[in-house]
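Q: following is a predicted model, sequence given first.
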Amino acid sequence: MIDTRQYLSGYDAGRDAKGFYFDPARAAHAIDWIEEHCTHVKGSLGGDPLYLEPWQQALVGTLFGWYSEQTHLRRYREVLLYIPRKNGKTPLASAIGLYVMDNDGEPGFEAISAAGTADQASLVYDWICGMIRNDEHLASRYRIYKTPKYIVPHFDPSSRYKVLSADAGSKHGGNVNLALFDELHTQPDRELFDVIATSTAARQQPLFISLTTADTLRERSICNEKLAYAKAVIAGTIEDATFLPAIFAANPKANWRSLKVWQKANPNYGVSLQPEYVKKEIAKCEVTPSLIPNLKRFHLNIQTGAADNWLRMEDWKECPKECEFTGPVFGGLDLAQTDDITAFVLYWPETSAMQCKFYLPEDTASLPSRRHYQPWIESGALTITEGSVTDYMQVREDIVRANDEWQLAALGYDPYNANEIATALYNDHGVPTVNVGFTMRNVSEASKKIEAQVRRRKLQHGHNPVMNWMAGNCCVRTDFGGNIQPSKKYSAGKIDGIAALVTAQAVAINQPDLKSIYEERGMISI
């Protein structure tokens, strides 16, 4: 078995491999086939065989070496190759694409390459065409068309590979086996990605490969969303045996001038990325500091404006397995937009214990982009409500039930979209509710208390898999005074449960001042 932990940034292919087996002969066949039939196309190496570097062998061997024990079909359905520029991702993706086209054997095969522009999508096409022309075996099996850009195998005229441009609205209805999505960071949203993903549903063993350098830290970024997902798969907070992550990036705090940092972030350092080039780029930034953000982003794969993950997952995982529910209990409610995750947390500050519940509408749960939610749904960690929007009545009933059982000292909520349910809880059921605007002023102290509990490995969080995932996603915003605030904008994935926990802690901190105020005037804000 290939040591993916060494070559693929800590990913352990054997950890979640129940129901799958590794076939070393098939892994070797893929590597050997690529090195025999695929070539360099451009530059001084043009026409020479494409010999794979150790990290490339690990990726190819893992992708084509694992199979289902039940169906004997390929294990991996999706790959994220997150890698800086000049590390040979386009030649590698082209070689993988050719291997799949030439060896999968499914009639009516449909392969595509996509990107932010038609020119970008054509880069993979150009490499595949060059490889075909350079190899006698491949040249005898494929016919290349330039206008429009597509390739048809002689052995199956019903199959084809074609270039897809960026207009998602006109791309519905495909039946794709293989998708090569280049420079995912250029996508303004997830629309084209989802169109292609849904087009693979009818195939036996589809393969969706995304290639990208880092995106900026922005909302609606499918690139950042996939990066967060890949990190969660590597960390084990998401179990997805069909997703293969290959992440190569420097730590945001690393010294960008250090050649050792460059070597770690760039697996082809000294091969396709030469030290002389690196030194020149560093020197340019010394003279022109405004070039530093792009250098970090494109050559070290650091998101522009990137923040570190807030909570150390090593500490989070070592927190107690058992929870002791003693003393006053406070609630935190993070009511999501109608079609996303809502989080309700109960928190006992005396013992640092908590319970959490998450809700999601069934229409959202059925989206391909939410397939990693399925194990949580099946285990009961994520509650599904009927329809296309979250059933706030069910959330309200669960809060009332918790209040009946535990007599909440207070329930904190963000007024952004929860005023109606909070008013009903107070007026109709006597639940003491507290308006907690989720601002740095209101939640910094609470956030620091949660952070300290995790650092000391004292937070009794119950190891709920949804909360584990959100803890790994969470980044914080800071100010010059050292205050912090968990940020949904800067976090690459969902953090609703963490926001609800921090809200509950914020209410608990202010509890000495709340009791007398409740007696005087009911619902309050902090």
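A: Yep, that arrived.

Q: show me how this structure divides into domains.
A: Under the assignment automatic domain parsing, the domains of the chain span 75-247, 259-299, 313-525.

Q: and of these, who's closest to residue 30?
A: When those are compared by Cβ to Cβ, domain 75-247 sits nearest residue 30, at 5.8 Å. Where C-beta positions appear, they are placed from N, C-alpha and C, glycine not excepted.

Q: where along the stretch 401-526 of the chain do the strands fall?
A: Ranges of strands in the stretch 401-526 of the chain, per DSSP state E, counting those that start in this stretch, are 410-413, 433-435, 475-478, 484-487, 524-525.

Q: can you say which of those is packed in most?
A: Most buried of the strands of the stretch 401-526 of the chain, by mean neighbour count (mean count of other Cβ atoms under 10 Å): strand 410-413, with a mean of 28.

Q: paired strands for that strand, with orientation please.
A: When pairing is defined by DSSP bridges, strand 410-413 lines up against strand 330-334 (parallel), strand 433-435 (parallel).

Q: where among those strands is the average confidence lowest?
A: Among the strands paired with strand 410-413, strand 433-435 has the lowest mean pLDDT, at a mean of 92.

Q: from the chain's centroid, how far away is that one?
A: In terms of Cα atoms, centre = their mean, to the nearest Å, the centre of strand 433-435 is found 33 Å from the chain centre.

Q: wait, what's in contact with residue 3?
A: By Cβ atoms under 8 Å, 6 or more residues apart in numbering, the contact set of residue 3 is residue 58.

Q: quick one, phi/psi of it?
A: When read as degrees, to the nearest 10, the backbone of residue 3 gives phi -80, psi 80.

Q: same check on the one 10 residues further on?
A: The phi/psi pair for residue 13 (degrees, to the nearest 10) reads phi -70, psi -20.

Q: now it. Nearest residue, chain neighbours left out?
A: Leaving out its chain neighbours, the residue that sits closest to residue 13 by Cβ to Cβ, 6 or more residues apart in numbering is residue 4, at 4.5 Å.

Q: next: residue 279.
A: Leaving aside its sequence neighbours, residue 279 sits nearest to residue 259 (Cβ to Cβ, 6+ apart; 7.9 Å).

Q: wait, doesn't the one you found sit right on residue 277?
A: No: using Cβ atoms under 8 Å, residue 259 makes no contact with residue 277, being 11.7 Å away.

Q: would you map the helices across the stretch 1-150 of the chain?
A: Counting by DSSP state H, counting those that start in this stretch, one finds helices in the stretch 1-150 of the chain at the ranges 4-7, 24-37, 54-65, 89-103, 118-134, 136-139.

Q: and the third one, what does it pack onto?
A: It stands for helix 54-65. Using 3 or more Cβ pairs under 8 Å, 6 or more residues apart in numbering; DSSP states H and E, the elements in contact with helix 54-65 are helix 4-7, helix 24-37, strand 78-82, helix 89-103, strand 243-247.

Q: residues contacting that helix, please?
A: The contact list for helix 54-65, computed with Cβ under 8 Å, 6+ apart, reads 2-4, 6-8, 13, 22-24, 26-31, 34, 52, 74, 76, 79, 81, 88, 92, 96, 99, 244, 246, 267-268.

Q: make it 6 Å
A: For helix 54-65, contacts defined as Cβ atoms under 6 Å, 6 or more residues apart in numbering pick out 2, 4, 7-8, 13, 22-23, 26-27, 30-31, 76, 92, 244, 246, 267.

Q: now do that helix against helix 89-103, angle only.
A: Computed by axes from the mean of the first three to the mean of the last three Cα atoms, to 10 degrees, the angle separating helix 54-65 from helix 89-103 equals 30 degrees.

Q: per-residue confidence averaged over helix 54-65?
A: The pLDDT scores in helix 54-65 average 97.

Q: quick check: buried residues in it?
A: Within helix 54-65, the residues scored as buried using 16 or more other Cβ atoms under 10 Å are 55, 56, 57, 58, 59, 60, 61, 62, 63, 64, 65.

Q: what's the closest of those to residue 405?
A: Using Cβ to Cβ, the buried residues of helix 54-65 come closest to residue 405 at residue 62, 48.0 Å.

Q: from residue 103, how far out is that closest one?
A: Per Cβ to Cβ, to the nearest Å, residue 62 is found 16 Å from residue 103.

Q: next: residue 346.
A: The gap separating residue 346 from residue 103 is 54 Å, by Cβ to Cβ.

Q: and the two? which has more neighbours close in?
A: residue 346 (24 against 12; other Cβ atoms under 10 Å).

Q: buried set for stretch 425-437?
A: Using 16+ other Cβ under 10 Å as the test for burial, stretch 425-437 gives 425, 426, 431, 432, 433, 434, 435, 436.

Q: pick out whichever of those residues sits closest to residue 272.
A: Using Cβ to Cβ, residue 436 is the member of those that lies nearest residue 272, at 51.7 Å.

Q: contact partners for that closest one?
A: By Cβ under 6 Å, 6+ apart, the residues touching residue 436 are 412, 442, 503, 506, 526.

Q: buried ones among the contacts of helix 54-65?
A: The neighbour-count test (16+ other Cβ under 10 Å) marks 2, 4, 7-8, 13, 22, 27, 30-31, 76, 92, 244, 246, 267 as buried among the contacts of helix 54-65.

Q: where does the residue lying closest to residue 248 once chain neighbours are set aside land on pLDDT?
A: Spatial nearest neighbour of residue 248, chain neighbours left out: residue 83 (4.6 Å); criterion: Cβ to Cβ, 6+ apart. Note for residue 83: predicted pLDDT of 97.
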